[in-house]
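Asks: Give me coordinates for this.
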Amino acid sequence: MRNPRPDHRLCIVLLLVLISGCRGGADRDPQEAGAGVAEAAQCPLDGEVAIVTGAIAGGTEKQYFVLPVDIPAGTRRIEFLYGWSERGSLPTTGNDPNDTTVLDLGWWDQHGYRDPAGFRGWSGSRGARISAGAEPGYIEADKADRGYTAGPIEPGLWYAEIGVAVSSRDGADYELRVQCFSEGATQALAPDPVDPDHVANPNPGWYHGDFHMHGYHSHGAGADAFEMAEQARAAKLDVIFYTEYVVVAHWDQIGSAQRANPDLLFFPGREIISYFGHANTLGETRGVVEYRHGFEDVSMGQIQADAVAAGALFQINHPTNFDYPQLRNLCRGCQWEYDEDLNWNEVHTVEVVTGPPILEPGYVGGPDLPAAIQNPFIRTSIDFWHDKLQRGHKITAVSGSDSRGAEPPEQRNSLGYGANATAILSQSLSQANIRAAILAGRTFVKTLGVDESPHADMEAFDNTGQSVTYGGEIVLAEDAEATMRIAVRDGLGQRLMLYRNGTLVDARPITSENALIEFPIRRDPQAEGPLGTWWRFDIVASAPVFNGRPVVVPDQAITLIGNPVFLSGG
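Replies: Coordinates of the predicted model:
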């Protein structure tokens, strides 16, 4: 399956060394690809391979089209392969991400390519590839290739979906091969989802989650649900936000892993991989499957509305990652481009940290770096979040590893599940209470993971008896004053940075392992937005300890990101 972020470590290295020779996408004149629905191909039962061919125009990108295939009665197994070859007399180098072709593959069954009931899965550009010598993808009643949903094979028009992520300057020729077989299972397996009412711990307290976790359906070597639980436990996570790329197959497969790990909480979701931005939907929304922004009348605003109406939390992932012309196609669709097509009042969370928090020397076996650095997209993502807060959108900052669980054990602390973590103050470890805590903003981000970052309890209060923690609001007169009290554990030698409406206004050293720091806080009516005056803090370190050793960073590294408290006139 396609990894839309090929490797965060490699991409950050490329950013830092300012890749030479990359062609920006802006200088090309995109042409329209084939769109809509083509003429149906016939797939004979136990017969020859059905082959569909076509071409993608040079410069085409961020488009979808579907290829109908007539599946005959009696079919019990469908197998498929696809691929493409570059056109033109001048071969692409393969090194320029803006001069190559990438096509994604998905399947919809006889219910239709716009009916959620028809969605059979998506494998991006890594599965079932002819050129890669891969085994065919397949779908049967009781099993399916990763990324695809098993179920009975009903006759009628099925639809292979081709997503044109990007094409080279001269375009490409594509080929789809489909075979229909009468041998295969007839009895579908019963779905085994998690119990949405499961309570992993009935007690109130701080719980830790990774809001962006992939597994087997996102990567061939990715973890299954049992391995995911094992790695999450090792990282001291309590909540597993299980967010496979696009697909819903994992929803029906993780109940047994939840029962085998009753002290952990599986919180199912999915990552919406679009070509203009990535989002997570978190919650029991298996029936909301759309992701194809720009195809026919599909919009991200409608995808969001459907997911929220079904009860999901809507999260923007890595909003500023790789937003550079030279790198855009290394991480196709990673940066968020949907400001005009979204209800910002229904955006519940935003990732301010994604992937490895620290890039260590020699990380990728490529160009070495003179020193370790912090992930360069953390500060730009915080700026993105600050802008939304100031505009009046109360969005909770969270973090996600974006891991597939495929890292070797020695790299999991840096790259695996829980490489960064979000602390959640919840009444219990259950889907309902974790969701309520997120919506209330009772969280803070540990950029280096559960143990490597400090921990900070925070209370804001005034002399009238009002007292709140992260995400809370105090009604305060213009001339009144409140207090923010922060209890920091394991932050000795670091600094606490205080922000008012996104502007740094104070900093204090942390001088003990268990420090108590207080700030007076007031409203700022001249600068406050619709949410009032909001106050928040980060903790930073000049030489953070990571993986058990100090690392050198060019700037102060953020080790903790706090969600705000709000002072308003009521």
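Asks: and residue 79, that's in a strand?
Replies: Yes. Counting by DSSP: H, G, I helix; E, B strand; the rest coil, residue 79 is located in a strand.
Asks: Now do it against residue 138, distance only.
Replies: Summarising the geometry, the distance separating residue 79 from residue 138, computed by CB to CB, to the nearest Å, is 5 Å. For glycine as for every other residue, the C-beta is placed from the backbone atoms N, C-alpha and C.
Asks: now residue 230
Replies: Relative to residue 138, residue 230 is positioned 28 Å away (criterion: CB to CB).
Asks: Give me the three-state assignment for the residue of the chain most remote from its centre.
Replies: Largest separation from the mean C-alpha position in the chain: residue 479, at 42.6 Å (CA atoms, centre = their mean). At residue 479, secondary structure determined by three-state DSSP is coil.
Asks: what about residue 344, how many neighbours?
Replies: Neighbourhood size, residue 344 [other CB atoms under 10 Å]: 15.
Asks: typo on my end, residue 262
Replies: Counted by other CB under 10 Å, the residues lying close to residue 262 total 11.
Asks: show me what contacts it?
Replies: 198, 200 (CB atoms under 8 Å, 6 or more residues apart in numbering).
Asks: Which positions in stretch 408-417 come out as buried?
Replies: By neighbour count, with 16 or more other CB atoms under 10 Å as the criterion, the buried positions of stretch 408-417 are 411-417.
Asks: Among these, which are located in helices?
Replies: The subset of the buried residues of stretch 408-417 located in helices under the criterion DSSP state H comprises 412-415.
Asks: Can you lay out these as CSV showing pLDDT and distance to residue 385?
Replies: Written out in CSV, the entries for those read as follows (pLDDT from 0 to 100; distance: CB to CB, whole Å):
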residue, pLDDT, distance to residue 385
412, 87, 27
413, 84, 26
414, 83, 24
415, 86, 23
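Asks: Tabulate these (JSON lines), appending distance to residue 200.
Replies: Listed next are those as JSON lines, based on distance: CB to CB, whole Å:
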{"residue": "412", "distance to residue 200": "22"}
{"residue": "413", "distance to residue 200": "24"}
{"residue": "414", "distance to residue 200": "27"}
{"residue": "415", "distance to residue 200": "26"}
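Asks: nearest to residue 379, of those?
Replies: residue 414 (19.5 Å; CB to CB).
Asks: From what I see, the closest one and residue 355 are in contact.
Replies: No. With contacts defined as CB atoms under 8 Å, residue 414 does not count as touching residue 355, sitting 9.9 Å away.
Asks: In the stretch 401-550 of the chain, what residue spans correspond to strands?
Replies: In order along the chain, the stretch 401-550 of the chain carries the following strands (DSSP state E, counting those that start in this stretch): 421-426, 429-430, 443-446, 455-461, 467-468, 473-475, 482-489, 495-500, 503-509, 514-521, 533-541, 545-546, 549-550.
Asks: Can you list the neighbours in contact with the fourth one?
Replies: Looking back up the chat, that one is strand 455-461. Outside strand 455-461, the residues within contact range by CB under 8 Å, 6+ apart are 206, 423, 444, 446, 467-470, 472, 474, 482-491, 521, 535, 537, 539, 560, 562, 565.
Asks: any idea which of the ones in helices among the buried residues of stretch 408-417 is the one closest to residue 302?
Replies: Proximity to residue 302 was ranked across these by CB to CB; first place goes to residue 415, at 34.7 Å.
Asks: What is the host helix or strand of residue 243 packed up against?
Replies: According to DSSP states H and E, residue 243 maps onto strand 239-245. Strand 239-245 sits against strand 205-213, helix 225-234, strand 265-274, strand 277-282, with contacts defined as 3 or more CB pairs under 8 Å, 6 or more residues apart in numbering; DSSP states H and E.
Asks: To residue 173, which of the ones you listed lies closest?
Replies: Comparing these by their distance to residue 173 (CB to CB), the top pick is strand 265-274, with 24.5 Å.
Asks: what's the spacing between that closest one and its chain's center?
Replies: Here the centre of strand 265-274 is set off from its chain's centre by 8 Å, with CA atoms, centre = their mean, to the nearest Å.
Asks: CA atoms only: put it into CSV for me.
Replies: Output of strand 265-274 as CSV, limited to C-alpha atoms (Å, rounded to 0.1, in the frame of the first residue of the first chain):
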residue,chain,number,x,y,z
LEU,A,265,-8.4,1.2,24.8
PHE,A,266,-8.7,0.6,21.1
PHE,A,267,-10.2,3.8,19.5
PRO,A,268,-10.9,3.0,15.8
GLY,A,269,-10.7,5.6,13.1
ARG,A,270,-9.1,6.1,9.7
GLU,A,271,-6.9,8.5,7.9
ILE,A,272,-8.5,10.3,5.0
ILE,A,273,-5.8,10.5,2.4
SER,A,274,-6.7,13.2,-0.1
